[in-house]
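K.L.:
Starting from these lines, generate the structure:
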Amino acid sequence: RPVTVEEVADVDTEEGGLPRKPWIEDYPGSAGRTEGSTETPFEHQNRERKAAGDSLWAPFKDEHEWQLAQWLVTSGLAQADIDKFLKLKITRERTKPSFESNYMFYKKIDALPTGEASWKVELLEAVGDVVGEDGSLKKETVEVWSRNPVDCVRELMGNPAFRDSIRYAPERQYTDAEGKNRIYGNMGTANWWWDIQARMPSGATVAPVILASDKTSLSRMSGDKSAWPGYRLFHLCMTKILEPLVAAGRDGVLMTCPDGRIRRVYPILAAYIADHPEQCLVAACQENHCPKCPIGPNERGEPSFSSLKDPARVTAILKRAAEGRKPPEFSQWGLRAVVPFWTDLPHADIFSALTPDILHQLHKGIFKDHLVSWATQAIDDGSNEVDRRFKAMLKHSDLRHFNKGISLVSQWTGTEYKNMEKVFLGIVAGAGDERVTRTVRAILDFIYYAHFETHTDASLDALHTAWKDYHKYKTVFVELEIRQHFNFPKGHSTEHYEPSIRSLGTADGYNTEHPERLHIDFAKLAYGASNKQSTYIEQMTRWLQRQEAVHRFGRYLAWAAPFEPSSEPATSAPLTTAGQPAPLMDNSGVDGPGEWQNGYLLAKEPGFPSHTARRIIDEFGAVDFKHALADYVKKLATSRRVAIITTPIHDYMRVPAYKQFKVQLPTVSQVTKSTLVDIIHASPPHPATRLLKLPVPANMSTVFAREPGSPPLAPGVTRLRVARVRVIFNLPTIYDARALGITTPLAFVEWFTPFHVVDDATGMYVVSPSTRQRQRYTSVIPISDIVRSCHLIPIWGKQIQRRVTVGDVLDNVALKFFVNPYLRHHDFVMLRWLGNI
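P.N.:
Predicted coordinates:
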C-alpha cells in the first residue's frame, strides 16, 4: 500500500530540538496479529491465590514480613548471617517473623511462584586439538548450565509490567511531516526490524533477541575459575544453548503477551553485545581482524567503507576448511576452524548483529589508550604541562577534579575516562599544533554523538562528519613522529557505528557496561554466595532463581495491589540487577528540608539567615551588591507603578542567604527521558580554623541565565548568557515582595560577555568577564532566570602560568574562557549539536 505518514497536530519541540510527538509511519504490512486471548501469568497467579483463600502477601503473613524477606534476599547477606539475624532476641520477640531460621526462611522463598525458564544442566563431550597417548584427539566432558531461551522470551513477553513497553510491529518516526529527517531510537524504530518483518509470514510478531557475553573471573582472590570457555568449546556450548531458537525462529511459537492476547512470536537473533576479543570469538576470526567486515589487518587505519561479511559465504568457507580445503578467504579474513553457533539460526546475520562497544572501543580504547598519549606527546613539556592544566581546571559538581594531574593515576575506570573527556579539549587547546586540537575535538564529538539515546538523520550526519574530521587531521601525529600508522582495531570500529545505529537503534542500548554490571550481579555475587566447592555452579543457579523469584513477586504485588480492596500499592526496593536506575528526584533540602516549586528546590530556611548586607559584600565578594539590588527594586517598582520606601539599602540590613538551590533540567531525548537535577551553589570561602585545618574555597556556580531585557523567544544559547552566582538571597523584609511581583528568591550575579565569539579550532564559545565603566557588570535576577549551571575552561594559550590557583581564575578580568560543551550530554546537545544546526 502507499506510504502514509500520520499527521500530528502538536508540533511542540523539546529543548534538544526533537518534537515531543514525532510523525509516525506505520509498517505497511500485517505484524503482531492476535490469535485469541487468555490470562496473563499474573492474572493466573492472582486467580489461583484467591481460590486458595490466601492473602495478597502469601506465603508471607503481611506486607511488613514480605518487605523483610525481600531485603534479606537482596541485601547480599550470607545464609549464616541471615540465620544469626533471625535468631536474635529482638527479631524473635519484637519482629516475630513466621520463619525462625534460615531453613524456614528459604522454604518460604522457594514457595514463591517462578517463571517459565528453569535451569538445567547437560553434559557435552568436547573434542580438543591435542593428540593423546592413544593417537586420538583428547576429549573432555563439560557441564553446560542454561535455560531455554524460548522460555526466557515467553517469560518476558508475558510479564504485564511490560504492557506499555512492548511493541509488536516496527515503525518509522520523523521530525517532520514530509518524512525528510528520520528519528532512530530503540530497535523498533530502526531498519533491522522493518526489514526482518518483510521476510516473515504475514501477521508474525518478531521478538528481537539480544545476546551478550564477556569473560569474567569468579574468584576475587585468584583467577582459578572463569565463567567463559575456550574457542571451540564456546561455539559448541552456544549451539546447544540456542538450539531451541532454530525451530522457534523458523515456525514461531504461540505466546501470551502482556495485553492478554495470544500471538505467534518469532524470536530472532538481532544483536550481540561484546567487546573486541569476544566479538572476534563470536565471528570466528582472529583478533587482529575486524569481526564485522573483511578488511585486511594492515588496512584498518584509513576509511574503507567496506561492506559487512556475508554469513552464508563465511559458513561455506568454514565448511570447506573443515573438509581440508582452505580457500584463500580463510586466511585473508583470519577465520578460525569452528562450526559457528549462528549457522542455523533463522534470519540471523551475526556480522550486522555485533553492536558498537562505547566503553571499550571509545572510552577505554581510542580515547584513553591512544588519544591522551598522542596529544600529550604533541605538547611542549608533555605530561607536566597537561598535569598543570588539569590541576588548575575550574571545579564543578558534575566533574571530577584531578588535583594531582593524570600522569600518576595507576588504575583507570570508566568514570575517570569520562571525566577526562569532559575537559580534554580545553586542556590541549592552544598548547600545540592546531590539527592536534581539531583531532581531539573530532574524537570527543564522535564519542558524545555516539552516546545519543535518540538520533536523527541529521545527528547521524554530524557523527559521520566527526569521523571524517578525525581521519582528516590525524596525520599530524605522523608528521610529529608520534605515530607511524593508525592500524588498530578500536579505531577502525568507529566506521561501523553509523550503519549499526541505523540498523539496530542507538548505541547506548548496547553498551558493554550493562553486561559488565550484570556480571557482578549475576556471576560474582552468586559465586560469592556459594561455598566455592565443586557444586558451586548449582548453588549459583539456585541463588539466581531465588533472586528472580523475589523480584518477580515484587512485580506481581505492584500489579495486583491496585485491584485489592483497601490495599495500598505494594512497595518494593529497587533491584540492583535491573541495571543502573534512572535519576531520581531528590526531595531532600539543600540547606534544610524544602519543596519543589516551579522546577526549583530551596531550603525552607536559608543557610545564612541573619547575614547583613556588609557581611554579604565582604564574605561573598559581592562588591556591587547594594547598588544592584537597589537598581533591581527600582526598575520593578517603576514597571509596576508601585511606590517604594525611600530608605536606602544600608550595611546592617538583614539579607537572608542560601547556600544553594536545585533546578530540574528540561527533557532532552537525545540524552535521557528522565528528569535530571542540577545544583546551583553560592557559598563563601571559609578560613582555616582549629577544627577546620584547611581553608575551604568559595563554591559559586557559573550558570546559563536570562539577562534582563533579553528576547524571551531567542533560539538556543543566544537567549542566554553566562553568569557567576555570588549570592542567593531573599528580598529584605523592608520591601513588599508581593507588591513588586517577586515570587522567588533572588541571585546576585556577575555577567560574562554574550555568545558572540566561537573559536574555530575547538568550536567552543569564548566568553570573558563583562565590564561596564571598568567595573564588573552585575545584576540581581530572580532565580527562575537561571536555567542551569555551566562550566568554563580558562584559555591558557601555549603554556599555563606556573603559579595559578583555581580561586584566582574567575576573578581575572583579562582572562578568556571556553564554555565547555562536554560537561554533560545536556550541554553537548545545547552548545554543540544545536549550534551545528
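
K.L.:
now stretch 371-391, how far from the centre of its chain.
P.N.:
Stretch 371-391 has its C-alpha centroid displaced from the chain centroid by 28 Å (Cα atoms, centre = their mean, to the nearest Å).

K.L.:
pLDDT averaged over it - what is it?
P.N.:
Per-residue pLDDT values over stretch 371-391 give a mean of 95.

K.L.:
From one end of it to the other, what's the distance?
P.N.:
Stretch 371-391 has an end-to-end distance of 20 Å (criterion: Cα to Cα, to the nearest Å).

K.L.:
Next: stretch 198-209.
P.N.:
End-to-end span of stretch 198-209 (Cα to Cα): 17 Å.

K.L.:
how close does Leu245 get to Asn191?
P.N.:
22 Å (Cβ to Cβ, to the nearest Å). C-beta coordinates here come from the backbone N, C-alpha and C atoms, glycine included.

K.L.:
Looking at the two, which one has more neighbours?
P.N.:
Between Leu245 and Asn191, counted using other Cβ atoms under 10 Å, the more crowded position is Leu245 (23 against 19).

K.L.:
what's Arg726 in contact with, if anything?
P.N.:
620-622, 625, 682, 700, 747-750, 778 (Cβ atoms under 8 Å, 6 or more residues apart in numbering).

K.L.:
closest to Val550 among these?
P.N.:
Ala682 (45.1 Å; Cβ to Cβ).

K.L.:
Just give me the neighbour total for that closest one.
P.N.:
Neighbourhood size, Ala682 [other Cβ under 10 Å]: 26.

K.L.:
And the pLDDT at it?
P.N.:
For Ala682, the pLDDT comes out at 96.

K.L.:
hang on, it in a strand?
P.N.:
Yes: Ala682 sits within a strand when classified using DSSP: H, G, I helix; E, B strand; the rest coil.

K.L.:
Okay, His289 and Arg300: tell me how far apart.
P.N.:
Counting by Cβ to Cβ - His289 and Arg300 are separated by 9 Å.

K.L.:
Which ones among the contacts of Arg726 map onto strands?
P.N.:
Counting by DSSP state E, the part of these found in strands is 682, 700, 747-750, 778.

K.L.:
surely Lys120 meets Trp145?
P.N.:
Yes: counting by Cβ atoms under 8 Å, Lys120 does reach Trp145; the two are 7.4 Å apart.

K.L.:
out of those two, which sits in the more crowded spot?
P.N.:
The neighbour comparison of Lys120 against Trp145 (other Cβ under 10 Å) goes to Trp145, with 14 against 11.

K.L.:
With distance to Gly53 as new columns, can the ones in strands among the contacts of Arg726 be given to me in TSV?
P.N.:
Below are the ones in strands among the contacts of Arg726 laid out as TSV (distance: Cβ to Cβ, whole Å):
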residue	distance to Gly53
Ala682	61
Met700	64
Ala747	62
Phe748	67
Val749	66
Glu750	71
Thr778	73
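
K.L.:
which among those residues gets closest to Ala316?
P.N.:
Comparing the ones in strands among the contacts of Arg726 against Ala316 with Cβ to Cβ places Met700 closest, at 67.2 Å.

K.L.:
What is the burial count for the closest one?
P.N.:
For Met700, using other Cβ under 10 Å, the count is 23.

K.L.:
now do Arg94
P.N.:
Neighbours around Arg94, by other Cβ under 10 Å: 8.

K.L.:
Report pLDDT for it.
P.N.:
Confidence score, pLDDT, at Arg94: 93.

K.L.:
the helices in the stretch 701-837 of the chain, which residues?
P.N.:
Under the criterion DSSP state H, counting those that start in this stretch, helices of the stretch 701-837 of the chain are mapped to 737-740, 806-809, 825-828, 834-836.

K.L.:
Among the contacts of Arg726, which one has the most neighbours?
P.N.:
Counting neighbours by other Cβ under 10 Å, the top entry in the contacts of Arg726 is Val749, with 31 neighbours.

K.L.:
Tell me the spacing between it and Asn699.
P.N.:
Val749 sits 15 Å away from Asn699, going by Cβ to Cβ.

K.L.:
List the contacts of Ala111.
P.N.:
Counted by Cβ under 8 Å, 6+ apart, Ala111 has contacts Pro59.

K.L.:
So it, which state does it fall into?
P.N.:
Using three-state DSSP, the secondary structure recorded for Ala111 is coil.

K.L.:
Val153 belongs to a strand?
P.N.:
No: per three-state DSSP, Val153 lies outside any strand segment and is helix.

K.L.:
check contacts around it.
P.N.:
207, 209, 248, 255, 265, 267.

K.L.:
List the buried residues of the longest helix seen in the chain.
P.N.:
The longest helix of the chain (DSSP state H) is helix 536-560. Neighbour-count burial for helix 536-560, with 16 or more other Cβ atoms under 10 Å as criterion, is recorded at 536-537, 539-560.

K.L.:
Assess the claim that Thr256 and Leu156 are in contact.
P.N.:
No: look at Thr256 against Leu156 with Cβ under 8 Å: they stay out of range, at 11.5 Å.

K.L.:
between the two, which one's more packed in?
P.N.:
Neighbour count, other Cβ under 10 Å: between Thr256 and Leu156, Thr256 has more, with 21 against 17.

K.L.:
Kindly state the beta-bridge partners for the more buried one.
P.N.:
In this structure, Thr256 bridges to Ile262 when assessed by DSSP bridges.

K.L.:
okay, it: pLDDT?
P.N.:
96.

K.L.:
show me where pLDDT drops low in the stretch 601-750 of the chain?
P.N.:
642-647, 690, 692, 711-716 (pLDDT under 70).

K.L.:
need the strands for it, in chain order.
P.N.:
Per DSSP state E, counting those that start in this stretch, the stretch 601-750 of the chain carries strands over the ranges 657-658, 660-665, 676-683, 699-700, 702-705, 721-729, 746-751.

K.L.:
can you check the stretch 401-550 of the chain too?
P.N.:
In the stretch 401-550 of the chain, strands defined by DSSP E, counting those that start in this stretch lie at 455-456, listed in chain order.

K.L.:
which residues of it fall in helices?
P.N.:
Remark: helices assigned in the stretch 401-550 of the chain by DSSP H, counting those that start in this stretch are 414-428, 434-450, 457-473, 476-479, 489-493, 497-504, 513-518, 525-528, 536-560.

K.L.:
deepest of these, which one?
P.N.:
Of all the helices of the stretch 401-550 of the chain, helix 434-450 carries the top mean neighbour count, a mean of 24, counting by mean count of other Cβ atoms under 10 Å.

K.L.:
Could I get the CA-only coordinates of that one as CSV?
P.N.:
C-alpha atoms of helix 434-450 as CSV (Å, rounded to 0.1, in the frame of the first residue of the first chain):
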residue,chain,number,x,y,z
GLU,A,434,46.0,23.3,15.7
ARG,A,435,45.5,20.0,14.0
VAL,A,436,46.0,18.2,17.3
THR,A,437,43.2,20.3,18.8
ARG,A,438,41.0,19.5,15.8
THR,A,439,41.7,15.8,16.1
VAL,A,440,40.8,15.8,19.8
ARG,A,441,37.6,17.8,19.0
ALA,A,442,36.6,15.3,16.3
ILE,A,443,37.1,12.3,18.6
LEU,A,444,35.2,13.8,21.5
ASP,A,445,32.4,14.9,19.3
PHE,A,446,32.2,11.4,17.9
ILE,A,447,32.0,9.9,21.4
TYR,A,448,29.3,12.3,22.5
TYR,A,449,27.2,11.8,19.4
ALA,A,450,27.6,8.0,19.8
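
K.L.:
Determine the set of other helices and strands touching that helix.
P.N.:
Counting contacts by 3 or more Cβ pairs under 8 Å, 6 or more residues apart in numbering; DSSP states H and E, helix 434-450 packs against helix 372-377, helix 414-428, helix 457-473, helix 476-479.
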